[in-house]
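Peer 1: The following comprises the amino acid sequence and a computationally predicted model.
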Amino acid sequence: MKKAKLLMKKRSTECETVFGQIKANQKFRRFHLRGSEKVGTEWGLLMLGYDFKQIARLS
């Protein structure tokens with residue numbers, strides 16, 4: 001039981017960090033497009049930008 005709680009605690013922290021950075025650093029608050037396919041594309045571009053920033057920070 002303790003192991004599961006530790007894993008959940010770690011998971012929630014890591015997940016919140018990504019969304020917090022997107023909202024604060026990229027100033028993203030709402031989707032500009034409508035429709036699930038377009039929102040998925042917009043979200044994919046946001047994640048791509050986030051990943052590139054992480055890669056640039058590590059190298």
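Peer 2: Arrived safely, thanks for sending.

Peer 1: can you map out the helices along this structure?
Peer 2: Under the criterion DSSP state H, helices of the chain are mapped to 2-25, 36-58.

Peer 1: got the contact list for the first one?
Peer 2: Residues outside helix 2-25 that contact it (CB atoms under 8 Å, 6 or more residues apart in numbering) are 28-29, 46, 50. Heads up, the C-betas are built off the backbone N, CA and C, glycines and all.

Peer 1: Among these, which pair sits farthest apart?
Peer 2: R29 and Y50 (15.3 Å; CB to CB).

Peer 1: Let me know the pLDDT of K10.
Peer 2: Note on K10: pLDDT of 73.

Peer 1: neighbour-wise, which of R29 and Y50 wins?
Peer 2: When R29 and Y50 are compared for neighbours, Y50 comes out ahead with 16 against 7, by other CB atoms under 10 Å.

Peer 1: Next one, pLDDT for the more buried one please.
Peer 2: 90.

Peer 1: Quick check: the residue lying closest to it once chain neighbours are set aside vs T41, distance?
Peer 2: The shortest distance from Y50 to any non-neighbouring residue, by CB to CB, 6 or more residues apart in numbering, is to I22 (6.3 Å). The gap separating I22 from T41 is 16 Å, by CB to CB, to the nearest Å.

Peer 1: So for these two, which sits in the more crowded spot?
Peer 2: Using other CB under 10 Å as the criterion, I22 and T41 rank with I22 on top: 17 against 12.

Peer 1: Burial check on L48, number of neighbours?
Peer 2: By other CB under 10 Å, neighbour count at L48 equals 10.

Peer 1: give the contact list for K27.
Peer 2: By CB under 8 Å, 6+ apart, K27 has no neighbours at all.

Peer 1: Tell me the spacing between it and K2.
Peer 2: Taking CB to CB, one finds K27 at 39 Å from K2.

Peer 1: Many thanks, I have nothing further to ask.
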